[in-house]
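Peer 1: Below: sequence and its predicted model.
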Amino acid sequence: MPVCVTFIFTSLVPHWGSGTSSIQIPCSGDFFTSAFIYLNKIFAKIYDLKLMQFELVLISLSFTSGNRKRYPKFCPRFFSFKLSMAIVLAFTNQKGGVGKTTSAVNVALSMAVTEVSTLLIDLDPQSNATTGLADLFEETNGSIYDVLLRGDGIKEAITHTSFSHLDIISSTHDLVGAEIELVSVMAREYQLQKAIRPIKKKYDIIIIDCPPSLGLLTINALTASDALVIPIQCEYYALEGLGQLLNTVRLVQRHLNKKLEITGILMTMYDSRLNLSKQVVEEVDSFFKEKLFKTFIHRNVRLSEAPSFGKPALLYDANSTGARNYMSLTEEILQRVS
């Protein structure tokens, strides 16, 4: 069924103006992804800007269709995904290299694209989430280190991006020493929870990219969060530390944050050609059952290339498998947390 899409484009290219236009889009399957891919192809064809097409289109879409109920909670502009208080969602796994930061960055951008007011907090001393969005802002206003250990106000640390629905609180390498500095702080496990309290009414979703460890920074993230997404690489070694992480989550639930829930387990770097990937998925599914996301993040070259350009996959190549996977995952997350 064709869907009328009204889109707004901005003047990110100097000689362009800004304006509004409408187009009929033939949609099948995933409604939102179909619309984006179709628009992406049109702009790439007309302007021959294959790497910039999504910078030219903002990223605010108004959908009119005879069957709106088919897509509840995914297009918040029309389906009222508005919360009185932000949901705090942490991406965590103490094992590095499992796609944790990639997932946090791409989900944050995908939510912002659907007009879910989103704040991304980079709590990883490696600062990869900050780097992954570097093309969307000029310079940062502060860092999460300043908030947690220097007593700066969190509102002053927020950096606005070129997307009206996406902000970030960046990380710096100073955060490496935060684990030691927090030891002597009173109520050290609650510092992040206390810090974000004043801004929870400003956003719909606050996403935290946790460090690849189970230290005090991760404990702070778990204590401040309502929900967890645990990315797991489709390899055997990725399963080995999972028990320790789940034990830590149970301890936090028991002593620090009773409302904490695991929203889902995310399988990353999935390759359908490998029996190993299928075996790992089967093992995880047998243990977690309904907690396993239906969306798998497939191995994708464009997904790996995007961070070097300071962009999420959706802005780097909207047609890529990785971009489509994260749009689908975002829909699942919104359905589970709302």
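Peer 2: Thanks, I have the structure now. All values reported here derive from a predicted model rather than from experimental measurement.

Peer 1: Residue 310 - how many residues pack around it?
Peer 2: The tally of other residues near residue 310 (other C-beta atoms under 10 Å) stands at 16. Backbone N, C-alpha and C define where each C-beta goes, glycine included.

Peer 1: That one is in contact with residue 132, isn't it?
Peer 2: Yes - applying C-beta atoms under 8 Å as the test, residue 310 and residue 132 come out as touching, 6.9 Å apart.

Peer 1: wait, what's in contact with residue 299?
Peer 2: Going by C-beta atoms under 8 Å, 6 or more residues apart in numbering, residue 299 touches 269-271.

Peer 1: roughly how far apart are it and residue 157?
Peer 2: Here the criterion is C-beta to C-beta, to the nearest Å. By it, residue 299 lies 35 Å from residue 157.

Peer 1: Same question for residue 288.
Peer 2: Noted for residue 288: a distance of 35 Å to residue 157, by C-beta to C-beta.

Peer 1: can you map out the helices along the stretch 201-338 of the chain?
Peer 2: Remark: helices of the stretch 201-338 of the chain, listed N- to C-terminal, are 216-224, 237-240, 242-255, 275-288, 301-305, 313-316, 321-337; assignment by DSSP state H, counting those that start in this stretch.

Peer 1: what about the first one, average pLDDT?
Peer 2: Along helix 216-224, the predicted confidence averages to a pLDDT of 95.

Peer 1: What is it packed up against?
Peer 2: When contacts are defined as 3 or more C-beta pairs under 8 Å, 6 or more residues apart in numbering; DSSP states H and E, helix 216-224 sits against strand 87-91, helix 178-182, helix 191-196, helix 242-255.

Peer 1: Where does pLDDT dip in the stretch 101-250 of the chain?
Peer 2: Using pLDDT under 70 as the threshold, the predicted model of the stretch 101-250 of the chain has no low-confidence range.

Peer 1: Regarding residue 167, what is its secondary structure?
Peer 2: strand (DSSP: H, G, I helix; E, B strand; the rest coil).

Peer 1: tell me the contacts of it?
Peer 2: Contact analysis of residue 167 by C-beta under 8 Å, 6+ apart lists 118-120, 158-161, 203.

Peer 1: between those, which is nearest residue 336?
Peer 2: Sorting the contacts of residue 167 by how near they are to residue 336, with C-beta to C-beta, puts residue 118 at the top with 16.0 Å.

Peer 1: how many neighbours does that closest one have?
Peer 2: By the other C-beta under 10 Å criterion, the neighbourhood of residue 118 contains 26 residues.

Peer 1: Show me how to select, in PyMOL, the buried members of the contacts of residue 299.
Peer 2: Selecting only the buried entries of these in PyMOL, with 16 or more other C-beta atoms under 10 Å as the criterion:
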select buried, resi 269+270
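
Peer 1: now the contacts of residue 299 as CSV including distance to residue 306 and pLDDT?
Peer 2: Rendered in CSV, the data for the contacts of residue 299 read as follows (distance: C-beta to C-beta, whole Å; pLDDT from 0 to 100):
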residue, distance to residue 306, pLDDT
269, 15, 93
270, 18, 93
271, 19, 91
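
Peer 1: Find the nearest non-adjacent residue to residue 155, please.
Peer 2: residue 199 (6.4 Å; C-beta to C-beta, 6 or more residues apart in numbering).

Peer 1: count of neighbours near the one you found?
Peer 2: For residue 199, the neighbour count with other C-beta under 10 Å is 18.

Peer 1: can you tell me which residues contact it?
Peer 2: Neighbouring residues of residue 199 by C-beta under 8 Å, 6+ apart: 86, 119, 154-155, 158, 206.

Peer 1: Including neighbour count, could those residues go into JSON lines?
Peer 2: What follows is the contacts of residue 199, written out as JSON lines (neighbours: other C-beta atoms under 10 Å):
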{"residue": "86", "neighbour count": "20"}
{"residue": "119", "neighbour count": "25"}
{"residue": "154", "neighbour count": "21"}
{"residue": "155", "neighbour count": "12"}
{"residue": "158", "neighbour count": "20"}
{"residue": "206", "neighbour count": "25"}
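
Peer 1: Now, these that are in strands?
Peer 2: 119, 206 (DSSP state E).

Peer 1: would JSON lines of the contacts of residue 199 with distance to residue 105 be doable?
Peer 2: Conversion of the contacts of residue 199 to JSON lines gives the following (distance: C-beta to C-beta, whole Å):
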{"residue": "86", "distance to residue 105": "18"}
{"residue": "119", "distance to residue 105": "13"}
{"residue": "154", "distance to residue 105": "20"}
{"residue": "155", "distance to residue 105": "22"}
{"residue": "158", "distance to residue 105": "17"}
{"residue": "206", "distance to residue 105": "14"}
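
Peer 1: out of the contacts of residue 199, who's nearest residue 319?
Peer 2: Ranked by distance to residue 319 (C-beta to C-beta), the contacts of residue 199 are led by residue 119 at 28.0 Å.

Peer 1: which ones are touching residue 170?
Peer 2: The neighbourhood of residue 170, defined by C-beta under 8 Å, 6+ apart, consists of 122, 127, 130, 140, 142-144, 157, 159.

Peer 1: picking up where we left off before, who's more crowded, residue 288 and residue 157?
Peer 2: residue 157 (24 against 17).

Peer 1: you'd agree the more buried one is up against residue 143?
Peer 2: Yes - the pair residue 157 and residue 143 qualifies as a contact (C-beta under 8 Å) at a distance of 6.4 Å.
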